[in-house]
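1. Build me a model from this:
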Amino acid sequence: MTWTSTQVQLARRPEGVPSDDVWDITSTEVAEPADGEVVVQVRYLSLDPAMRGWLNDVRSYIPPVQIGEVMRAGGTGTVVASAHPDHAVGDVVTGTVGAREYATLPGEELTTLDLDLADEPTWLGALGMPGMTAYFGLTEVGALQDGETVLVSAAAGAVGSVVAQIAKARGCRVIGVAGGPDKVAWLRELGCDEAIDYREGDLTRQVRKAAPDGVDIYFDNVGGPLLDAALANLRRGARVVLCGAISGYNAQSLPDGPKRYMSLLVFRARMEGFVVFDYEDRYPEAIAAIGSMIRDGSLVARETVLDGGVRAFPEALRGLFDGVNTGKLVLAL
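-> Predicted structure coming up:
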């Protein structure tokens, strides 16, 4: 049996926000799997800020997507053919499936999902790479301690919302930063002690008002002026966790470095970046912890699911940088 698969391929390197002509949308035939492989009918694609970095031909923690390649993307789907002993037809799995309707993949690269715990979009959000990022970034890199003051940027997003809720469950004072009244209101629903709308300006003043005694952990997803505002309001021994810098991902030149970096000296603080893949062998630990929180109601997993199929991928990716999502952004195929 064969399947016809529509797929999104990289046609050229983007300059700024990826426009439609960055992509080629083509069709190909997918044949029965070879030994050790499975064919997956993709149902949901994960949309992540890191995707923009994968399009640049620069040295990074993972090779860039090459011209002519199917766009790299995590996703979930149903096994429609299998030549691997651990995966049966009908299993629902997750892995790096790519932006396409059908994917032939080594069975060892796929994980079978427990849909009794959560549905597929949640396995791309709180129980997927964003949740793993939040868990290890906060507990390992940030060395979270009960009762600390935690500042989180992009707190209404996939990673930030999980960070905020894990910190709150640890008895911390949590300050979330987001854009717009609806997202700020949702942060309060999640239990954030303070919610800052970055669109209201004067971020240094807003952070100081929310954390008059300083910040123990700043979990940074955006970079830019908010990073400087956080650095200006640290507490002695603070940790700044560098997870992402979405504010500059589409910039066509390198952004200015943080102006307040000397605060790291003054407050005997540290600033450290990390890549979640370094903790891959410990993902089951994080899934168990976050899954338990979902079950007992102490963590709300939220997804914004867009329709339109794989052809809607270019527009959906742009929506990520326009802030269309609350929680995890997912494209339904």
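2. residue ranges with poor pLDDT in this protein?
-> Applying pLDDT under 70 to the chain flags the ranges 248-249, 251-252.
3. just checking, what's the longest strand in it?
-> Scanning the chain for the strand with the most residues, using DSSP state E, yields strand 37-47.
4. Send me that one as PDB with only the CA atoms.
-> Output in PDB follows, covering the C-alpha atoms of strand 37-47 (Å, rounded to 0.1, in the frame of the first residue of the first chain):
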ATOM      1  CA  GLU A  37      10.300   1.400  10.500                       C
ATOM      2  CA  VAL A  38       6.700   2.600  10.900                       C
ATOM      3  CA  VAL A  39       4.500   4.900   8.800                       C
ATOM      4  CA  VAL A  40       2.700   7.500  10.800                       C
ATOM      5  CA  GLN A  41      -0.400   9.500   9.700                       C
ATOM      6  CA  VAL A  42       0.400  12.800  11.400                       C
ATOM      7  CA  ARG A  43      -2.600  14.300  13.300                       C
ATOM      8  CA  TYR A  44      -1.000  17.300  15.200                       C
ATOM      9  CA  LEU A  45       2.100  19.400  14.700                       C
ATOM     10  CA  SER A  46       3.900  21.300  17.400                       C
ATOM     11  CA  LEU A  47       4.700  25.000  16.600                       C
END
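5. distance between it and the chain's centre?
-> Per CA atoms, centre = their mean, to the nearest Å, the displacement of strand 37-47 from the mean C-alpha position of its chain is 18 Å.
6. What of stretch 82-101?
-> Stretch 82-101 has its C-alpha centroid displaced from the chain centroid by 22 Å (CA atoms, centre = their mean).
7. in it, what's buried?
-> By neighbour count with 16 or more other CB atoms under 10 Å, stretch 82-101 contains the buried residues 82, 84, 87, 91-95, 97-101. For the C-beta atoms, the positions are set from N, CA and C on the backbone; glycine is no exception.
8. got it, and stretch 291-303?
-> By neighbour count on 16+ other CB under 10 Å, the buried set for stretch 291-303 is 291, 293-294, 299-303.
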